[in-house]
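Colleague: Here is my input, please return the structure:
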Amino acid sequence: MSFTLDEVAFLAAHTFDHDLELTPKTQLKDVEFLRGLYGEHARAVAELLQARRSGKLPAHWLADATSVQQATPPAVASFRAQHLAALGVEFVHDVTCSIGTEGALLRTARIDYVGSDLDASRLAMARHNVPDGWFVRADALAPVTNSGVVVADPARRAGGRRITDPAKLLPPLPDLVAAYPGRPLAIKCAPGLDFSEWDGGVDIVSVDGGVKEACLYTPDLAAARRRAVILRDGHTDIVTDAPVDPPAPGEPGRFILEPDGAIIRAGLVQHYAAREGLWQLDEHLAYLTGDRLPTGTSGFEFIEQVPLKKLKAALASYDCGRAEILVRGVNVDPDQLRKKLKLRGPAALTVVVARVDDGLAGSAAGSSRQVAFICGPRVSSSKV
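Modeller: Predicted coordinates:
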């Protein structure tokens with residue numbers, strides 16, 4: 001539930017330092033405690049404290065439960081601001097500004113900023129959060145500026161379901177483009193969006209292993225047609241679609257690993273493999289293999305490859321009592337498979353179950369079979 005303007009004004013005028021659990025189990029007790037201190041504003045205080053506990057935003061910011069869920073992670077907004085600053089962008093109009101996440105990082109990058117939104121409560125919070133930005137109430141499809149880069153974040157869900165068709169975003173992508181003819185655009189979308197027909201660049205961005213968004217750039221803002229941007233532990237790694245000679249799939253090397261989700265979503269598995277001296281286990285699988293783990297990644301040390309029907313006996317021979325089971329391209333439920341394996345013993349292993357083609361598992365050319373790659377437990381590149 002969004003805050004009223006009165007609640008936003010109250011929250012902005014006070015500081016709150018309460019060590020409350022704020023869990024579903026303690027909600028009634030916590031709200032009663034806050035009601036004794038803040039009366040009719042107790043619900044808003046509780047929601048603000050819960051939003052701040054998410055850790056996504058600065059401690060002094062104002063946010064309600066929905067806005068903090070929808071807010072662009074600061075690391076992602078910071079990367080975009082740095083990208084725009086490097087292009088020489090001096091002014092941005094954020095037409096779906098919400099509580100000002102983009103604005104704060106754009107101002108840090110010394111880019112002038114106007115934010116607009118239809119929600120008066122969100123605008124009031126944005127003015128508190130980004131005091132050196134300019135904010136105006138306006139529809140995203142009704143321009144209030146006539147120059148600069150336009151940043152937009154259309155609603156990605158409708159009726160509780162994620163939208164994958166650009167034409168069904170709220171507002172629709174074609175309508176946004178039509179509303180700002182000739183303007184440079186950066187449009188934030190869900191990473192599962194079908195962007196195959198977008199005539200520009202697409203950045204798929206992940207933070208600490210979780211894919212967060214796809215950002216669609218018009219050609220004048222694009223660094224490449226496709227990029228995977230991996231933000232992890234304060235470091236940035238970028239994989240682009242620059243032409244490469246894709247490595248041929250082959251037998252497992254010393255390690256098996258799954259690339260970051262941003263690389264997979266961007267369709268850049270082969271580009272990443274070529275850069276890192278890796279190769280695919282099969283041309284249809286995102287799993288890679290090689291004799292080392294790239295810096296900052298984790299994977300599994302390969303032990304043995306067996307047909308799936310011989311997996312139980314193979315694991316028993318290793319005294320395996322615990323197994324992380326990963327499945328790709330095969331209709332196998334890991335939990336059900338684990339029950340069938342009846343694991344007993346002290347060893348912890350990893351099993352990658354997949355379908356491989358072209359004789360990679362001893363099958364005839366043109367055929368395929370289900371195989372299991374038995375590996376050691378997950379290990380990071382810093383420990384091998």
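
Colleague: who touches the helix or strand of the chain with the lowest mean pLDDT?
Modeller: Of all the helices and strands that make up the chain, strand 157-158 has the lowest average by mean pLDDT, DSSP states H and E, namely a mean of 72. When contacts are defined by CB atoms under 8 Å, 6 or more residues apart in numbering, strand 157-158 is touched by residues 163, 168, 170. Every residue, glycine included, has its C-beta placed from N, CA and C.

Colleague: By neighbours, which of the residues you listed wins?
Modeller: Across the contacts of strand 157-158, the neighbour count under other CB atoms under 10 Å reaches its highest value at residue 163, namely 20 neighbours.

Colleague: so for the helix or strand following the least confident helix or strand of the chain, what's the average pLDDT?
Modeller: Past strand 157-158, heading to the C-terminal end, the next element that is a helix or strand (DSSP states H and E) is strand 161-162. Confidence over strand 161-162 (mean pLDDT, whole number) is 79.

Colleague: Please apply the same query to stretch 38-58.
Modeller: pLDDT averaged over stretch 38-58 equals 92, rounded to a whole number.

Colleague: got the contact list for that stretch?
Modeller: Outside of stretch 38-58, the residues within contact range by CB under 8 Å, 6+ apart are 1, 3, 7, 10-11, 14, 16, 18, 20, 22, 27, 30-31, 34-35, 37, 59, 61-65, 67-68, 71, 73-74, 99, 101, 104, 129.

Colleague: wait, which of the contacts of strand 157-158 is closest to residue 381?
Modeller: For residue 381, the closest of these turns out to be residue 163, at 36.5 Å, with distances computed as CB to CB.

Colleague: just checking, residue 205 touches residue 215?
Modeller: Yes: taking contact to mean CB atoms under 8 Å, the distance of 6.7 Å between residue 205 and residue 215 places them in contact.

Colleague: Low-confidence regions, the stretch 151-300 of the chain specifically.
Modeller: For the stretch 151-300 of the chain, the stretches with pLDDT under 70 are 160.

Colleague: care to break the protein down by domain?
Modeller: 5-53, 70-237, 255-383 (automatic domain parsing).

Colleague: can you redo these as a markdown table with distance to residue 246?
Modeller: What follows is the domains of the chain, written out as a markdown table (distance: least, CB to CB, whole Å):
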| stretch | distance to residue 246 |
| --- | --- |
| domain 5-53 | 45 |
| domain 70-237 | 15 |
| domain 255-383 | 4 |
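
Colleague: Tell me which other helices or strands whichever strand in the chain runs longest touches.
Modeller: The strand of greatest length in the chain, counted in residues with DSSP state E as the criterion, is given as strand 368-380. Packed against strand 368-380, as judged by 3 or more CB pairs under 8 Å, 6 or more residues apart in numbering; DSSP states H and E, are the following elements: strand 298-307, helix 311-317, strand 347-357.

Colleague: right, so the ones you listed: which one is the most enclosed?
Modeller: Ranked by mean neighbour count under mean count of other CB atoms under 10 Å, the helices and strands packed on strand 368-380 are led by strand 347-357, which reaches a mean of 21.
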